[in-house]
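J.: no sequence on this one, just coordinates:
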C-alpha cells in the first residue's frame, strides 16, 4: 500500500484571465458557494443579472487559478473611474475574492493576487480598491482608504412640509439620466465614481426601492434609493435638491411607519453631508486599520501625472505658489518625482532632489486625501526632507473620500 508523502508540494496553479464564454458559469459557481451566506441562489442570480455578467467587470484583468482544469481561485476586477478632486484615476475595484475550500492554505490566493496586480498595472490601472475582510489585505499592499460612516436623523427633525413634486417608484438607477445627475453633483468630490458603473439594477431584494421625481418638463429632478432590510429605514443613494430629497424621505418614512432614518455613504463635502452636520443628527464612524474600504497604488507615476492639474491648482492657491523645484514621492514599491515650476506640476524622469516624501503603502492615503496629511504622515512614520514638510499639506489635503453604495463592487 502506497503511503502519501505529507510534504508533497501542492499542485501547480495555472493563472489565466477568465473567458466569459468558457469560464463564466464555473466561476460564478465558486463565487456563489463562497458567498452563500447571502443565499446561494440569490447570489448566483445577482452575478448573472448584472453584478458580473453585463457589468463593468474586467474579464481581461481579473484572474482565476486552475488546478487540473478546475477553477479554485478568483480575484475579480471592476473597471471604474474615481474622482480625486477635479482629477480622475482609473481604479480596479476588487470583488468576490474566492478560494475553493478544498484548496485553501496552499498559497494559491497569494499567487492569484500577485498575478492580478501585474495584469492591472499592465492594463493601465492607477490604483486598486476593495471592501475587504479584516486583517488580510494589508499583506498585499492595501491600506485604509477612509472610515465608513453613517448619519442618523429622527423624522421629526427633517424639513417640514410635503415634497414640491410628486414622486414615484422606478426600477432604473442605472439610467443615463441618473448618471448625469450624479456626475454633475459629485464633480469635485474625491472617492466618488464617474458613472455609469453598473448598467442595470441586478438585485431582486424587495427591501431596496428607488423613487424619482421630475421637473415641470418631465426630466429627472431627483431620486432616493432606500432599503429596510435590517428593520431600519436607510437611504443608500440620493440625488437632487437636498431639501426635496429629505422631504421625500420623510414622506416615505411616514408611509412605512419609521421614525428614524440612517444615511450611509454620504460624502462629507456633499450638500446632504453639510445639511446633516448643520442640523440635528448623530454620526457613527468606523475606523478599521485593515479591512473595509482599502486602497493600493499600482502605478505611482501615472497616478501623480493624472493629478498634476489638481496639484497645480492647490499650489497656485497657496502661499507656496512661487515655489520651484523637484519633490520625490516614494512608497513601498515605486518612486516618482514631481517637477514644480511656479505652481505648474508635472511628473519628471529625474530623481535628483533634496525634497522628498518617503513612506510605505500609506502614500496612497496621501494621494486620495484619506485624513489630515499630518496625521497620515505621522501615523505611517513617513520620512520627509527638504521643503516636503511645507509642500505635503498643500499638495495632499484631507479630501474626505467616499464611494456611494450603488457603485461599490
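T.: Structure's in. What do you need? Source: prediction; values computed, not measured.

J.: check which helices and strands the helix or strand bottoming out on mean pLDDT in the chain is in contact with.
T.: Ranked by mean pLDDT, DSSP states H and E, the weakest helix or strand in the chain is helix 40-46, scoring a mean of 94. Under the contact criterion of 3 or more CB pairs under 8 Å, 6 or more residues apart in numbering; DSSP states H and E, helix 40-46 touches helix 24-34. For every residue, glycine as well, the C-beta is placed using N, CA and C.

J.: what's in contact with the helix it packs on?
T.: 18, 40-41, 43-44, 47-48, 52-53, 64, 71-72, 74, 76, 96, 98-100 (CB atoms under 8 Å, 6 or more residues apart in numbering).

J.: out of those, which end up buried?
T.: Buried members of those, counted by 16 or more other CB atoms under 10 Å: 18, 43-44, 47-48, 52, 64, 71-72, 74, 76, 96, 98-100.

J.: OK, contacts around the closest residue to residue 380 other than its chain neighbours?
T.: If the residues on either side of it in the chain are set aside, residue 380 comes closest to residue 362, at 3.7 Å by CB to CB, 6 or more residues apart in numbering. Counting by CB under 8 Å, 6+ apart, residue 362 touches 143, 331, 376, 379-380, 382.

J.: for residue 229, same thing?
T.: Taking CB under 8 Å, 6+ apart, one finds 205, 207-208 in contact with residue 229.

J.: on that earlier part again, inside helices: which ones of the contacts of residue 362?
T.: Under the assignment DSSP state H, the contacts of residue 362 contribute 376, 379 to helices.

J.: can you tell me which of the contacts of residue 362 are buried?
T.: Buried subset of the contacts of residue 362 (neighbour count, 16+ other CB under 10 Å): 143, 331, 376, 380, 382.

J.: so residue 58 touches residue 93, yeah?
T.: No - in this structure residue 58 lies outside contact range of residue 93 using CB atoms under 8 Å: 9.2 Å.

J.: comparing these two, which residue is more hemmed in?
T.: Between residue 58 and residue 93, counted using other CB atoms under 10 Å, residue 93 has the larger neighbour count: 24 against 20.

J.: surely that one touches residue 78?
T.: Yes - taking contacts as CB under 8 Å, residue 93 lies within contact range of residue 78: 3.9 Å.

J.: shared neighbours, the two?
T.: residue 409.

J.: about what we covered before: measure the residue nearest to residue 380 to residue 109 for me?
T.: Separation of residue 362 from residue 109 (CB to CB, to the nearest Å): 23 Å.

J.: residue 339 now?
T.: Distance from residue 339 to residue 109, by CB to CB: 40 Å.

J.: ok, the two, which is more surrounded?
T.: Neighbour count, other CB under 10 Å: between residue 339 and residue 109, residue 109 has more, with 22 against 17.

J.: for that one, what are its contacts?
T.: With contact set as CB under 8 Å, 6+ apart, residue 109 has these partners: 65, 73, 75, 97, 99.

J.: max pairwise distance over the residues you listed: which two?
T.: Across the contacts of residue 109, no pair lies farther apart than 65 and 97, at 11.6 Å, counting by CB to CB.

J.: overlap in contacts, these two.
T.: What both residue 65 and residue 97 touch, as defined by CB under 8 Å, 6+ apart, is the set 74, 109.

J.: residue 150: what secondary structure?
T.: Assigned by DSSP: H, G, I helix; E, B strand; the rest coil, the conformation of residue 150 is strand.

J.: run a quick neighbour tally on residue 10.
T.: Count around residue 10 with other CB under 10 Å applied: 11.

J.: sorry, that was for residue 101
T.: Other residues within reach of residue 101 by the criterion other CB under 10 Å amount to 11.

J.: could you check how far it is from residue 34?
T.: Distance of residue 101 to residue 34, given as CB to CB: 8 Å.

J.: residue 213 too?
T.: 40 Å.

J.: with residue 217 instead?
T.: 47 Å.

J.: these two: who's more crowded?
T.: More crowded of residue 217 and residue 34, by other CB under 10 Å: residue 34, with 17 against 6.

J.: got the contact list for stretch 111-128?
T.: Here stretch 111-128 has contacts from 13, 15, 17, 58, 60-65, 73-75, 77, 79, 82, 89-94, 140-142, 295-299, 302-303, 306, 364, 367-368, using CB under 8 Å, 6+ apart.

J.: need the buried ones from those residues selected in ChimeraX.
T.: Here is the ChimeraX command that selects the buried residues among these (16+ other CB under 10 Å):
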select :13,15,17,58,61,62,63,64,65,73,74,75,77,79,82,89,90,91,92,93,94,140,141,142,295,296,297,298,299,302,303,306,364,367,368
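
J.: which of the contacts of stretch 111-128 fall in helices?
T.: 302-303, 306, 364, 367-368.

J.: reformat those as CSV; add pLDDT.
T.: Output for those, formatted as CSV (pLDDT from 0 to 100):
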residue, pLDDT
302, 98
303, 98
306, 98
364, 98
367, 98
368, 98
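
J.: now those as JSON lines including distance to residue 230?
T.: Formatted as JSON lines, these follow (distance: CB to CB, whole Å):
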{"residue": "302", "distance to residue 230": "40"}
{"residue": "303", "distance to residue 230": "37"}
{"residue": "306", "distance to residue 230": "38"}
{"residue": "364", "distance to residue 230": "32"}
{"residue": "367", "distance to residue 230": "34"}
{"residue": "368", "distance to residue 230": "29"}
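
J.: wait, which of the residues you listed is closest to residue 250?
T.: Residue 250 has its nearest neighbour among the ones in helices among the contacts of stretch 111-128 in residue 368, at 33.8 Å by CB to CB.

J.: so the closest one sits against residue 84, correct?
T.: Yes - between residue 368 and residue 84 there is a contact under CB under 8 Å: 5.7 Å.
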